[in-house]
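Visitor: Sequence plus the predicted model coming up.
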Amino acid sequence: MTLDTDFLANYGLEVFLEICRFWASKANEEGGKYHIAGVMGPDEYHEKYPDADMHHGGFKDNAYTNLMCVWAFEMV
């Protein structure tokens, strides 16, 4: 977006790898599959199910965030 190709060429991979490390540290293995529980996707205005209690919201996994992490891991 900023066309800062110098930053991208010198630091982009390092930033990308650290993002992958962060998300990998949040992943949990359950039944041979990994998931990242409790993450909110890009639609942050819908942060809970209508009848969920106020502390847990009802979200377990956000498909968008989990799929974007898989994509990132496959790029590494």
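Guide: Good, I have the coordinates.

Visitor: And the contacts of the lowest-mean-pLDDT helix or strand in the chain?
Guide: Counting by mean pLDDT, DSSP states H and E, the chain has its least confident helix or strand at strand 33-35, which shows a mean of 86. Contact with strand 33-35 is made by 27-28, 60-61, 66, as judged by C-beta atoms under 8 Å, 6 or more residues apart in numbering. All C-beta spots, glycine's among them, are computed from the backbone N, C-alpha and C.

Visitor: Excluding covalently adjacent residues, which one is nearest to the residue nearest the centre of the chain?
Guide: Taking C-alpha atoms, centre = their mean, the centroid of the chain lies closest to residue 65, which sits 4.1 Å from it. Using C-beta to C-beta, 6 or more residues apart in numbering and skipping residues adjacent in sequence, the residue nearest residue 65 is residue 39, 4.4 Å away.

Visitor: where does that neighbour sit relative to residue 27, distance-wise?
Guide: Using C-beta to C-beta, to the nearest Å, we find residue 39 at a distance of 10 Å from residue 27.
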